[in-house]
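Novice: What shape does this take:
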Amino acid sequence: MRLKKHVLKSGDTMKGQRNIGMVAHDERKEDLLDWVQHNLQALIPHRIFATGTTGGLLRQRFGDLTITPMKSGPLGGDQQLGSMIAEGRLDMLFFLIDPMAPHPHDVDIKALLRLAVLYNIPAAYNRSTADFLITSPFMTGEYIPEIKDYTPYAKRLGAK
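Specialist: Okay, here's the model as predicted:
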């Protein structure tokens, strides 16, 4: 079965400019800022949607980037990014997670990660994976995403 997405149709390709979600837990914000600095030229052509403080720090430090700030993660920013994924408006996600700290909005974080998996968007949850994604030829080249068609599942539940 060919896979589908809300915005992209079967056989459509992603080309050039990407919409990128960026999130970093407090303990990983400096890591993300360092990573963005290291990859600044590769990120300039793309649009970045970042949660709360992360977005503010990115805007403050990197004026050359196109950054759209969202709400803080605990105040709904993770869910805003998740909504963008479900609507086919986010192409990839860079989310530097701190696995050692408890997060009061853990259910929101898990929901965001689940949507990235469900809609099969590239997602990096650590710096190594982020390095692999940013250097991939698919970052700016043509890519045909494989998005599972969940219509049979939705029909089973009576949804449209």
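Novice: give the contact list for Phe49.
Specialist: For Phe49, the residues meeting the contact criterion (Cβ atoms under 8 Å, 6 or more residues apart in numbering) are Asn19, Ile20, Gly21, Met22, Gly55, Ile67, Thr68, Met70, Gln80, Leu81, Met84, Leu90. No exception for glycine: its C-beta is placed from N, CA and C like everyone else's.
Novice: What is the nearest of the residues you listed to His46?
Specialist: Ile20 (5.3 Å; Cβ to Cβ).
Novice: quick one: the closest one and Pro45 touch, right?
Specialist: No: proximity of Ile20 to Pro45 does not meet the contact threshold set by Cβ atoms under 8 Å, at 10.5 Å.
Novice: more neighbours, those two?
Specialist: With neighbours defined as other Cβ atoms under 10 Å, Ile20 and Pro45 compare such that Ile20 has more, 24 against 13.
Novice: That one in helix, strand or coil?
Specialist: Three states are possible here, and by DSSP: H, G, I helix; E, B strand; the rest coil the one that applies to Ile20 is strand.
Novice: Can you report phi and psi for the residue nearest to Ala111 when sequence neighbours are not counted?
Specialist: Closest residue to Ala111 apart from its sequence neighbours, by Cβ to Cβ, 6 or more residues apart in numbering: Gly82 at 5.7 Å. Geometry field for Gly82 lists phi and psi as phi -60, psi -40, criterion degrees, to the nearest 10.
Novice: Run through who's touching stretch 128-139.
Specialist: By Cβ under 8 Å, 6+ apart, the list of residues contacting stretch 128-139 from outside reads Arg18, Trp35, Asn39, Ala42, Leu43, Met92, Phe94, Leu96, Pro122, Ala123, Ala124.
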